[in-house]
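Asks: Please work out how this folds:
(2 chains)
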Amino acid sequence: MKRQTLVWTLVMLLGGGALIWRSAFTSPGMGREYLRVVTSADGRSTQYESATYGDFRRAVTADPTQTAVRLSLSRTVGLWLAAFFTLAIFSFLYRDNPLYKVAEAMLIGVSAAYWMVVGFWEVIVPNLLGKLAPLMIKAWAMPGLSGPEAARDLTYAVPFVLGIMLLWGLMPRGAWISRWPLAFIIGTTAGLRLIAFLHGDFLAQIRNTILPLAVLNQGAFDPWQSLRNVIIVGGVLCCLTYFFFSFEHKGIVGKAARVGIWILMITFGASFGYTVMGRIALLAIRLEFLLDNWLWLIDPTRQRMLG
Amino acid sequence: MTSFLIDQWWLVVVVVGSVVPLAREFAAHGIEETLRSLDRRWIFVLMFWAVLLPIYYIGVTGQTFPEVPSLLARATFDEIERLREGDAVLMAFDYDPPTEGELGPMATAFTKHAAAKKLKMYFMALVPVGPQMIDNTIDKVIKADYPTLVYGQDYVNLGYKSGNEGVIKVVVTNLRELYTTDARGTALRDLPMMRGIDNIQQMKLIINVSGAYPGTKEWVQYATTPFPALHLVAGCTGVQAPLLYPYIPSQLSGLLGAIKGAAEYEKLVVDKYAGPNPDPKYLEGLRRMGPQLVAHLLIIALIVVANVLQLRDRRRGALR
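Replies: So this is what the prediction gives:
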């Protein structure tokens, strides 16, 4: 056995042993999920709400025979799976391995299926079928569908037909039919976005840059606001100069372009800094999940306290 | 700190044990030579400890770092503060689990603020997992701490609709074209707070928590720009924040950028509405600033070390 394999085997065995020891032989243990059974007033429906170990301990202290707050086996398995997949994804930092591949494939499969199911029940059923055949949809899937929203609207036959034409691309013959709805999608999306960018970004940003360079606040000169406006206006002009290639970047144009590069670099630096902050936050929540929810080493939200 | 280290001796042993091989490399090949050929996985190990240790320390001791709210966080807070009891606010939670670490604390703080001010909250989402994020926040804040607020009268979850910016384009003029029921399948006309609400121009404020696309940029482009009477405040990921600054203040009244923005806004909300001993669930953003500090110090140190080595190489002519 190679030395590296031996070391990793030992680490895994030690880690596994520590988990078994902590979950089985320590108090309060680790990695368990609880739920609260809530029965409606008429006793006809039951809901299962999340509960904490602290809730469980309090309920047992008050009534040792109670069953309203209890251990949830399925949620506990879910918790351990979440911890396993988190560690499996982290393992890629060492090198590519089968555990990472399994976690990656699982994520892609579950996400694709989830999107498909949500898209069907949240959009196709209420917004397409519900408009074309409201009575049928009300009887089958949406008992709450009523009022003016439940009125039949046959104009929705157009997206229905376009949708079928789009799916025709999967057929062995006549795949060209899917190009028509695709052209419609591209055309409308391009049109919508063009208008939005022209209105929301291009024109609005020009307007936002037209600022007074000497700001008067209640009749008095405001140096800080004035400086701020000068930096904004000057910065925009310098950056635009950098991207202006009709003149050679020499003399005053060259100097302005150089300032423009510096401003762009500062912007990229700020952007990189923000990205780093975001990524650290993502790592932090996963580690917090492992330490708090799974290992029960910390309890920042006092979920497991009795008091 | 000393008593913490003594109590948690096993952690010290694990941390020291994990970097012993690196120390041996330094001893065997010298600091400069080791740094020049440093395996990237050592940086991962250092980053792991830089993030984990503050989490553990804060989790055990309950201490957080002090936070001073910036002008943008204050502008966001003030924009919600100016609203009156019963005003309608659209809570557009366009984020999902991958960005929960950054945006969850903002969503919690926004909901706490709106609930404390007794605003009518209309939740909706443009991402498929958004409704679950909304339900989590409702359970965590409204059901737990504001049990007098009634679903359908004080808050409603309209759920998710696909179509990205197309949804905004439609609901800004006709909400009922897309939303026939709420997320639970209840007809809108059976919800008291939906009576008289035909489009989102009737909202006094849009509060957006934005994970990526579609998000704040789309709300700016399709809601507040064509309808300037609409006001928008947002909390966004760090990646998005630099792209949104140009919209402030005319198209975007307030912005919370990444976990730092969340912590600042959280501080304002907690100071005013959570009393002297706030529930720790309202301090998530503040708690996560600890790992940020240590990890940033590590990154700065690595950048400085790498640049010093680069400058030395250049001076020696090694790069020529």
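
Asks: Next up, phi/psi of the closest residue to chain A within the stretch 151-300 of chain B, please.
Replies: Taking CB to the nearest CB, chain A has its nearest neighbour within the stretch 151-300 of chain B at B:G238, 3.2 Å off. Any C-beta I mention is one placed from the backbone N, CA and C, and that applies to glycine too. When quoted as degrees, to the nearest 10, the phi and psi of B:G238 stand at phi -60, psi -30.

Asks: for A:R304, same thing?
Replies: phi -110, psi 10.

Asks: tell me the phi and psi of the closest residue to it other than its chain neighbours?
Replies: Sequence neighbours aside, A:Y53 is the residue nearest to A:R304 in space, at 4.4 Å (criterion: CB to CB, 6 or more residues apart in numbering or on different chains). Per-residue torsions, A:Y53: phi -60, psi -40 (degrees, to the nearest 10).

Asks: roughly how far apart are A:Y53 and A:M277?
Replies: Here the criterion is CB to CB, to the nearest Å. By it, A:Y53 lies 32 Å from A:M277.

Asks: now B:R189
Replies: Using CB to CB, we find B:R189 at a distance of 45 Å from A:M277.

Asks: The two: who's more crowded?
Replies: Neighbour comparison, B:R189 and A:M277: the larger count goes to A:M277, with 23 against 17 (by other CB atoms under 10 Å in any protein chain shown).

Asks: What segments of chain A are strands?
Replies: For chain A, the strands defined by DSSP state E cover A:34-39, A:46-51, A:69-71, A:216-217, A:220-221.

Asks: Report the strands that pair with the second one, each with its relative direction.
Replies: Counting by DSSP bridges, the strands paired with strand A:46-51 are strand A:34-39 (antiparallel).

Asks: buried stuff in the partner strand?
Replies: Within strand A:34-39, the residues scored as buried using 16 or more other CB atoms under 10 Å in any protein chain shown are A:34-36.

Asks: B:L244: how many residues sit nearby?
Replies: 19.

Asks: how about the residues of the stretch 101-250 of chain A that lie near chain B?
Replies: A:114-115, A:118-119, A:122-123, A:126-127, A:130, A:142-150, A:192-193, A:196-197, A:199-201, A:204-205, A:207-208 (CB under 8 Å from any CB of the partner chain).

Asks: now the helices for the chain?
Replies: Picking chain A for this. For chain A, the helices defined by DSSP state H occupy A:3-25, A:53-62, A:73-90, A:98-119, A:130-132, A:134-140, A:157-167, A:179-196, A:204-209, A:223-242, A:251-288.

Asks: look at chain B instead
Replies: Taking DSSP H as the test, the helices found in chain B are B:2-7, B:9-29, B:31-36, B:40-61, B:71-81, B:100-116, B:130-137, B:144-145, B:165-171, B:216-219, B:241-244, B:258-273, B:284-287, B:289-316.

Asks: tally of neighbours for the residue nearest to A:R304?
Replies: With neighbours defined by other CB under 10 Å, the count for A:Y53 comes to 21.

Asks: what does B:H113 give?
Replies: 25.

Asks: Kindly report the same for A:V118.
Replies: Counted with other CB under 10 Å, the neighbours of A:V118 add up to 18.

Asks: per-residue pLDDT, it?
Replies: A:V118 is assigned 88 on the pLDDT scale.

Asks: That one - nearest residue in space that isn't next to it in sequence?
Replies: Going by CB to CB, 6+ apart, A:V118 has B:P128 as its nearest residue, at 4.3 Å.

Asks: Can you tell me how far the one you found is from B:G185?
Replies: For B:P128 relative to B:G185 (CB to CB), the value is 17 Å.

Asks: List buried residues within the residues of the stretch 101-250 of chain A next to chain B.
Replies: Judged by 16+ other CB under 10 Å, buried ones among those: A:118, A:122-123, A:126-127, A:130, A:142, A:144-146, A:149-150, A:192, A:196, A:200-201, A:204, A:208.

Asks: circling back to that earlier point, can you say which of the helices of chain A is nearest to B:G159?
Replies: With respect to B:G159, and counting by CB to CB, the nearest of those is helix A:98-119 at 9.6 Å.

Asks: which other helices and strands contact the closest one?
Replies: Judged by 3 or more CB pairs under 8 Å, 6 or more residues apart in numbering or on different chains; DSSP states H and E, helix A:98-119 is in contact with helix A:73-90.

Asks: So which elements touch the helix it packs on?
Replies: helix A:98-119.

Asks: got the buried residues for the helix it packs on?
Replies: By neighbour count on 16+ other CB under 10 Å, the buried set for helix A:98-119 is A:99-100, A:103, A:118.

Asks: hmm, who's touching it?
Replies: A:85, A:87-89, A:91-92, B:128-129, B:160, B:162 (CB atoms under 8 Å, 6 or more residues apart in numbering or on different chains).

Asks: Could you check the angle it makes with helix B:130-137?
Replies: 100 degrees (axes from the mean of the first three to the mean of the last three CA atoms, to 10 degrees).

Asks: which residues touch A:T301?
Replies: Taking CB under 8 Å, 6+ apart as the test, what A:T301 contacts is A:292, B:279-281.

Asks: would you list the residues you listed in a markdown table and tack on pLDDT?
Replies: Output for these, formatted as a markdown table (pLDDT from 0 to 100):
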| residue | pLDDT |
| --- | --- |
| A:D292 | 93 |
| B:D279 | 91 |
| B:P280 | 91 |
| B:K281 | 92 |
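
Asks: closest to B:A234 among those?
Replies: Taking CB to CB as the measure, B:A234 sits nearest to B:K281 out of these, at 22.1 Å.

Asks: what's the closest non-adjacent residue to the closest residue to chain A within chain B?
Replies: Per CB to the nearest CB, B:G59 is where chain B lies closest to chain A, at 2.7 Å. In space, and not counting its chain neighbours, B:G59 is closest to A:I298: 2.7 Å by CB to CB, 6+ apart.

Asks: Repeat that for B:L52.
Replies: Excluding the flanking residues, the one nearest B:L52 by CB to CB, 6+ apart is A:L287, at 5.0 Å.

Asks: I'd say the one you found and B:P54 touch.
Replies: No - taking contacts as CB atoms under 8 Å, A:L287 lies outside contact range of B:P54: 9.9 Å.

Asks: Tell me where the model's unsure across chain B.
Replies: B:318-320 (pLDDT under 70).

Asks: try 80 this time
Replies: Counting by pLDDT under 80, chain B has low-confidence residues at B:1, B:317-320.

Asks: Give the burial count for residue 19, as a bare number.
Replies: No chain in the question, so chain A it is. Applying other CB under 10 Å, we find 16 residues neighbouring A:L19.

Asks: Actually, chain B is the one I wanted.
Replies: Going by other CB under 10 Å, the residues that sit close to B:V19 add up to 14.

Asks: how about whichever residue of chain A sits closest to chain B, what does it touch?
Replies: Closest contact between chain A and chain B, by CB to the nearest CB, is at A:I298 (2.7 Å). When contacts are counted by CB under 8 Å, 6+ apart, A:I298 touches A:288, A:291-292, B:55-56, B:59-60.

Asks: cool, and A:S271?
Replies: By CB under 8 Å, 6+ apart, the contact list for A:S271 reads B:239, B:242.

Asks: how far away is it from B:G238?
Replies: Taking CB to CB, one finds A:S271 at 9 Å from B:G238.
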